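Enquirer: Predicted structure and sequence below. I'll ask about it afterward.
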Amino acid sequence: MKTNAINWFEIYVADLDRARTFYETILQTKMVDPDAGECRMAVFPYDNMKGISGALFQMDGCSPGPGGTLVYLNVEGDLDGVISRIPAAGGSIIRERMAIPPHGFIAIFYDSEGNSVGLHSMV
């Protein structure tokens, strides 16, 4: 039986290098470069045995923008710190930190590519 509803996500981007810099800056982590064939991607770090991950994904026919799927990235720790880095990294805040008791807190932002993305933290 699966324990997680999500096992993979893709955030479509027009400029992989710009998007990678944005996410590495706000999350203060390094992304992984897989061999992805015809498309370009940068994968968010995860525990290969039990984690869920996803990637920034650049390929013809896959366009970024608001109004599509909303993915929530897990923030373990300082949600306010992540939120504070978004504008300087090239994004903008849609929804500041908001309590969703008893499930913690969320925030929603536009990334450097115009995608709407959520953040979730238990603290």
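Expert: Perfect, I can see it now.
Enquirer: rest of the way, CA atoms for contacts and neighbours
Expert: Will do.
Enquirer: who are the neighbours in contact with Ile94?
Expert: Counting by CA atoms under 8 Å, 6 or more residues apart in numbering, Ile94 touches 107-110.
Enquirer: Ignore what I typed, I meant Ile106.
Expert: Contacts for Ile106 (CA under 8 Å, 6+ apart) come out as 96-100, 118-121.
Enquirer: Which residue is the nearest non-sequential neighbour of it?
Expert: With sequence-adjacent residues excluded and distances taken as CA to CA, 6 or more residues apart in numbering, Ile106 is closest to His120, at 4.5 Å.
Enquirer: Which neighbours in the sheet does the lengthiest strand in the chain have, and how are they oriented?
Expert: Determined from DSSP state E, the single longest strand within the chain is strand 92-99. According to DSSP bridges, strand 92-99 forms sheet pairs with strand 105-110 (antiparallel).
Enquirer: quick one: the one helix or strand His120 maps to to strand 105-110, angle?
Expert: For His120, the host element (DSSP states H and E) is strand 116-121. Interaxial angle of strand 116-121 relative to strand 105-110 (axes from the mean of the first three to the mean of the last three CA atoms, to 10 degrees): 160 degrees.
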